[in-house]
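Undergrad: Sequence below, structure please.
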Amino acid sequence: MIFVMSYLLICNSLLFVLMYVDKQKAVKRQWRIPEKTLLFLGLIGGGFGGLISMKAFRHKTMKRSFKMIYTLGTVFAIFLLVYVNR
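TA: Sure thing, here's the model as predicted:
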């Protein structure tokens with residue numbers, strides 16, 4: 001149980017920070033974090049951090065793929081927590 005919670009905390013925190021960094025780099029027109037990296041982290045459990053960061057930083061909000069993948073990642077994380085707790 002503690003392993004799964006730690007894993008999800010790390011994924012969500014990392015994605016939240018990477019979305020912030022990507023937003024800052026976008027504003028400064030610098031090199032960006034690849035979208036597939038952000039999407040992958042969202043899919044493997046960091047979806048909630050991705051959704052929160054989309055709202056907090058107003059970043060990638062128009063991209064439908066990000067909304068879908070982050071929602072799917074959030075559902076996956078909830079499923080994982082429920083599965084481990086039974």
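Undergrad: residues near residue 42, how many?
TA: 31 (other C-beta atoms under 10 Å). (Glycine included, C-beta is placed from N, CA and C.)
Undergrad: Also residue 58?
TA: The number of residues packed near residue 58 is 10, by other C-beta under 10 Å.
Undergrad: and if you look at the one 10 residues further on?
TA: The burial metric for residue 68, expressed as a neighbour count using other C-beta under 10 Å, is 14.
Undergrad: From residue 75, how far off is it?
TA: Residue 68 sits 11 Å away from residue 75, going by C-beta to C-beta, to the nearest Å.
Undergrad: Please apply the same query to residue 60.
TA: 19 Å.
Undergrad: Between those two, point out the one with more neighbours.
TA: More crowded of residue 60 and residue 75, by other C-beta under 10 Å: residue 60, with 20 against 12.
Undergrad: Who are the contact partners of that one?
TA: 19, 38, 54, 66 (C-beta atoms under 8 Å, 6 or more residues apart in numbering).
Undergrad: So which of the residues you listed wins on neighbours?
TA: residue 19 (27 neighbours).
Undergrad: can you pull out the strands in this protein?
TA: Assigned by DSSP state E, the chain shows no strands.
Undergrad: Contacts only, for the residue with the shortest distance to the centre of it.
TA: Centroid-nearest residue in the chain: residue 50, 3.0 Å away (criterion: C-alpha atoms, centre = their mean). By C-beta under 8 Å, 6+ apart, the residues touching residue 50 are 12, 15, 16, 19, 38, 41, 42, 66, 69, 70, 73.
Undergrad: Pick the one among the residues you listed closest to residue 85.
TA: residue 12 (17.9 Å; C-beta to C-beta).
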